[in-house]
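Chemist: kindly return the folded structure for what I paste below:
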Amino acid sequence: MNTRIAIDGLPLPSSTWGLLAAIILFAALAPAILMTAPAVAAQLASQWQLSPSQIGDLFSVELGAMSLASLPAFWWLKRVSWRLAAFAAAVLFIAANLLSMLADTYNLLLALRFVSAIAGGSLMIICLASAAAAANPGRVYGLWVMGQLVVGALGLALMPALFERYGLGACYLTLAGLMALLLPLTRCFTTGKPALRETHAALPGSRVKTTLGILGILTFYISLGGVWTFIGAIGADAGISAQNSGEILAFATVIGIAGAACASLIGTRLVLLPVGYGLMAAAVILLLGEPGVWRFALAAFLFKFTWTFLLPLILACLAKLDHSGKLMNASNLMIGSGLAIGPAVAGRLIETNGGFTALLLGGATITLLSLVLMHGSRAQA
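Modeler: This is a model prediction of the structure:
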């Protein structure tokens, strides 16, 4: 099978459509629990009577395991067929979610969610590496991000009704059932190993540029995680009601889908990186000084739009350096690390300075630092 995906011209081979569908659907379903975290967290509190710290630990384990899946992947990406790896990970995901329905203790649920997240993280790595081999990776990554946002929005809309009627098990059963339906798509992935030999020699990349790219995506997610985690608290501190803030942030999800759609339509036009980064930094600055409702809404919409618009371009920039899958695997690890570091650093900045000014100024600075790093990593034409 040809390892390069061409999605710019029509008609496309059926194998190309299948691979594109596999990338989008597996990448959308694998992190579905994290994308619907608010609804799942509320159900864990009401049904399982878990404390906030227990709920936080549960989600930290899921996020951490998805990132840790990158470590064994450094070994198996170049030794195991990606089709076989995707099938095995999907079966493990199904089994862990079915068993999660039957879990009767917190520790057992914690262990099963760890296993499910390892499987989901492995699928994400295969999707990232496969998208990197596309003729226009920016367009594929745009669809990749959009799929996750759509699944998250549908989950947040539908899960509360399912929880009310069937309990938490409905979530895990739905995930297992949807993954079972996707199993045939695992055949659409390439074998992986031949692609490594073909592309690694042609696109060796520079170690310095690779390092800059990895640091660029890490700093991007540190800024993103720190600001977005506390954006609701920023609104509350400015006197914006919880209802208004919630409605604004919910609509921001729709704006985020639009950002990913724009990235998909535009494709790999890395010249837009400075524009996106500049607007994202401006959105952070707009949150300074107790913003009113309209300024808060503008900042939230702009931040969410540029976040989902930039991510496909950032991943496409990295994909130009390496088609072997190793760099995209490292990116998966950096995404999880950035999401973990950002809120932790932001919380301490807020406590130390007694407000959000240091967080916002720091977030804008780190956003621009990420731009410098990504610009330095760009492969020569």
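Chemist: so what's V145 up against?
Modeler: If you count contacts by Cβ atoms under 8 Å, 6 or more residues apart in numbering, V145 has them with A260, A263, T308, L311, P312. Bear in mind the C-beta positions are built from the backbone N, C-alpha and C, glycine included.
Chemist: I should have written A319 there, sorry.
Modeler: A131, A132, A133, A134, P137, Y141, L327, M328.
Chemist: sorry, back to before: which residue in the contacts of V145 has the weakest pLDDT?
Modeler: Looking at the contacts of V145 by pLDDT, the weakest one is A263, with 86.
Chemist: pLDDT value on the closest residue to that one other than its chain neighbours, please?
Modeler: Nearest residue to A263, sequence neighbours excluded (Cβ to Cβ, 6 or more residues apart in numbering): G142, at 3.6 Å. Listed pLDDT for G142 reads 88.
Chemist: then the one 10 residues further on?
Modeler: At G152, the predicted lDDT confidence score is 86.
Chemist: which element is it on?
Modeler: Here G152 sits within helix 137-166, counting by DSSP states H and E.
Chemist: after that helix, heading C-terminal, what element do we hit next?
Modeler: helix 169-182.
Chemist: what angle separates that next one from helix 137-166?
Modeler: On the basis of axes from the mean of the first three to the mean of the last three Cα atoms, to 10 degrees, helix 169-182 is oriented at 140 degrees to helix 137-166.
Chemist: chain center to helix 169-182: distance?
Modeler: Mean-position distance between helix 169-182 and its chain equals 20 Å (Cα atoms, centre = their mean, to the nearest Å).
Chemist: which parts of that helix are buried?
Modeler: G169, A170, C171, Y172, L173, T174, L175, A176, L178, M179, L182 (16 or more other Cβ atoms under 10 Å).
Chemist: adding pLDDT and distance to L215, write these out as a markdown table.
Modeler: As requested, these are exported to a markdown table (pLDDT from 0 to 100; distance: Cβ to Cβ, whole Å):
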| residue | pLDDT | distance to L215 |
| --- | --- | --- |
| G169 | 94 | 42 |
| A170 | 94 | 41 |
| C171 | 94 | 36 |
| Y172 | 96 | 37 |
| L173 | 96 | 41 |
| T174 | 96 | 38 |
| L175 | 96 | 33 |
| A176 | 97 | 37 |
| L178 | 97 | 35 |
| M179 | 97 | 34 |
| L182 | 96 | 34 |
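Chemist: for those, which one is nearest V293?
Modeler: C171 (33.2 Å; Cβ to Cβ).
Chemist: right, and the closest one touches L158 too?
Modeler: No - between C171 and L158 there is no contact under Cβ atoms under 8 Å: 10.1 Å.
Chemist: sorry, back to before: filter the contacts of A319 down to the buried ones.
Modeler: A131, A132, A133, A134, P137, Y141, L327, M328.
Chemist: filter those residues down to the ones in helices?
Modeler: A131, A132, P137, Y141, L327, M328 (DSSP state H).
Chemist: pLDDT at the residue nearest to M374 when sequence neighbours are not counted, what is it?
Modeler: Distances taken as Cβ to Cβ, 6+ apart place G216 nearest to M374, at 3.9 Å, with adjacent residues excluded. If you check G216, the pLDDT there is 94.
Chemist: and if you look at the one 3 residues further on?
Modeler: Among the per-residue scores, T219 shows a pLDDT of 95.
Chemist: same check, this time on K209
Modeler: At K209, the pLDDT recorded in the model is 88.
Chemist: so which helix or strand takes in it?
Modeler: Secondary structure (DSSP H and E) places K209 in helix 207-229.
Chemist: and the helix or strand just after that helix, what does it pack against?
Modeler: Proceeding N to C from helix 207-229, the next assigned helix or strand is helix 231-237, under DSSP H and E. Secondary-structure packing of helix 231-237 (3 or more Cβ pairs under 8 Å, 6 or more residues apart in numbering; DSSP states H and E): helix 242-266, helix 293-319.
Chemist: for helix 231-237, buried residues please.
Modeler: For helix 231-237, by 16+ other Cβ under 10 Å, it's I231, G232, I234, G235.
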